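Novice: Have a look; sequence and predicted model below, questions after that.
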Amino acid sequence: MKYTQDTFFTGSVTIKVTGHHPELFFDRCTREGITVWNVKKINATQCIGNVRLSDISSIKRLRRQTIYKLSFVSRKGFPFLIQRVLRKKPFMAGLFLSILLVMFLSNIVWDVKVDNVPPEIEAKIIEKLDEYGIRSGALKFTIETPSDIQQRLLDDLPELLWVGVTEKGTTYQLEAVEKSIVEEPEKPGPRNLVAAKKGVIVDMFVAKGLPVVEVNDLVKPGQVLVSGNLNGNLADEQEDGEEKQAKQEKLVAAEGKVIAETWYEVETTVPLKANYQTLTGESETKYQIHLGKLKIPIWGFKKVEYEHVYKEITSKPLYFLHWTLPISIVEEQWNEQAPFNEKRSRQTAREEAVKQASKQLHSELGKDAKIDFQKVLHERIESGKVKLTLYFKVEEDITKIQPISQGD
């Protein structure tokens, strides 16, 4: 019987054999390797038995070699159950619509929760989420990914230090941390302000400490600009005819800015010919359903006739209850590109080089630095590129901290 345990899934058939000594037909089936079970003789000319559905074609071929007659008494198993269900069209239509309804409801946002934030911040977050289209009733495949939502919230709400977005089935759960008021840091220890680089001082602002340089002084790296060592003499006092003099040394944490004029040489290369792609603003959007390797277009059947295209693809999986289905809605954004070929003159290339070098300096020195282009020190053309050495004059804060050692 162990050979017939899976017959519910593969299907079995009860056949009736009619003829002289019908049991001999089942015996021949067995000798041909066909599994037969529950063989019963009804009378002298009729016998019934069970066989696998997959063996029916072999049994029919074997019967044609004999004089026996075959008839099918009953059919059992999953394949026949499916056939009976498929014949009931109203039932199948209702089942299909029910599955579609459950899939549709599984891909709708039912709730948006915001935890661990004050009520006023929660109201701002919900307002922003509503602007993004994240609300009850929204289709999930039209919503951005959780990481994109997190980044947009951090950009739009500067009062948030951190935000986490979790997609749990049909619910979006958000947790956020509000920026707290930074406590006043501990008072720094005694220190000097020294020059970080060579330059000529053009302006000074000292909040604490003793300035030891003046405007128009040329300073070198490591030279003290503002000292944190303040010395003062106590008033002379007369006690028992003896004159006493005391001296007190006071150390502070020097604070301030020393703006100096500094100089930089920057080397940069600019091609005389520039080839790049620009977006024209024209675009087409297509939607597809992806089922494994099968792609079914559902929107945007028009052929894209752009000569140059930049394509953005966004894929959103579909859900059935809490299961992720191997089906996804794919959005394809086809953006038209136009090739742009620019031939620069030496003057244009020089201007572009100044812009690039200025941006490079700003990124290295910070936005507070005031950069003034002076002149081109060296210029040459090699392999269709202009190579320049540029001279810049910069006004920047050159101070850096140097702790004062107090000894024992």
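Specialist: Good, I have the coordinates. None of these values were measured; they are calculated from a predicted model.

Novice: Going by C-alpha atoms from here, please, whenever you check contacts or count neighbours.
Specialist: OK.

Novice: what does the model give the residue nearest in space to the middle of the chain for pLDDT?
Specialist: By Cα atoms, centre = their mean, the chain has its centre lying nearest to Ser147, at 5.3 Å. pLDDT, Ser147: 86.

Novice: Please enumerate the strands of the stretch 101-250 of the chain.
Specialist: 111-115, 160-168, 171-178, 191-195, 199-208, 210-211, 218-219, 224-227, 229-233, 237-239, 242-244, 247-251 (DSSP state E, counting those that start in this stretch).

Novice: residues of stretch 337-352 that come out buried?
Specialist: Residues of stretch 337-352 classed as buried by neighbour count (16 or more other Cα atoms under 10 Å): Gln337, Ala338, Arg346, Ala349, Arg350, Glu352.

Novice: packing partners for the helix or strand that contains Ile56?
Specialist: Assigned by DSSP states H and E, Ile56 falls within helix 56-63. Using 3 or more Cα pairs under 8 Å, 6 or more residues apart in numbering; DSSP states H and E, no helix or strand is in contact with helix 56-63.

Novice: strands paired with the helix or strand just after that helix, and their directions?
Specialist: Next in sequence after helix 56-63, counting helices and strands by DSSP H and E, comes strand 69-76. The strands beside strand 69-76 in its sheet (DSSP bridges) come out as strand 12-18 (antiparallel).

Novice: chain center to stretch 285-292: distance?
Specialist: From the chain centre to the centre of stretch 285-292 is a distance of 21 Å (Cα atoms, centre = their mean, to the nearest Å).

Novice: Numbering from 59 from now on, please.
Specialist: Understood, numbering begins at 59; the last thing we discussed is stretch 343-350.

Novice: and that stretch, what's its mean pLDDT?
Specialist: Rounded mean pLDDT across stretch 343-350 is 85.

Novice: With stretch 434-445 instead?
Specialist: 85.

Novice: now that stretch, how far from the chain's geometric center?
Specialist: 41 Å.

Novice: Alpha carbons of it, in CSV - could you do that?
Specialist: The C-alpha coordinates for stretch 434-445 follow below in CSV (Å, rounded to 0.1, in the frame of the first residue of the first chain):
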residue,chain,number,x,y,z
VAL,A,434,46.9,82.9,-13.6
LEU,A,435,50.5,81.9,-12.7
HIS,A,436,50.9,79.3,-15.5
GLU,A,437,48.8,78.1,-18.4
ARG,A,438,49.4,75.4,-21.1
ILE,A,439,47.4,73.3,-23.4
GLU,A,440,47.9,69.5,-23.5
SER,A,441,45.7,66.9,-25.3
GLY,A,442,42.8,69.2,-25.8
LYS,A,443,42.8,70.4,-22.2
VAL,A,444,43.8,73.7,-20.6
LYS,A,445,46.0,73.2,-17.5
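
Novice: what's in contact with it?
Specialist: 325-331, 404, 407-408, 446-449 (Cα atoms under 8 Å, 6 or more residues apart in numbering).

Novice: relative to strand 70-76, how tilted is the helix holding Ile114?
Specialist: Angle, helix 114-121 to strand 70-76, by axes from the mean of the first three to the mean of the last three Cα atoms, to 10 degrees: 10 degrees.

Novice: that older thread, setting the sequence-adjacent residues aside, check what's closest to the residue nearest to the centre of the chain.
Specialist: Computed as Cα to Cα, 6 or more residues apart in numbering, the closest residue to Ser205 that is not its neighbour in sequence is Val223, at 7.3 Å.

Novice: so who does the one you found touch?
Specialist: Pro204, Ser205, Ile207, Gln208, Tyr230, Gln231, Leu232, Glu233.

Novice: Show me what it is bridged to.
Specialist: Judged by DSSP bridges, the bridge partners of Val223 are Leu232.

Novice: Give me the below-cutoff pLDDT ranges for the chain.
Specialist: 59-63, 238-243, 289-307, 464-466 (pLDDT under 70).
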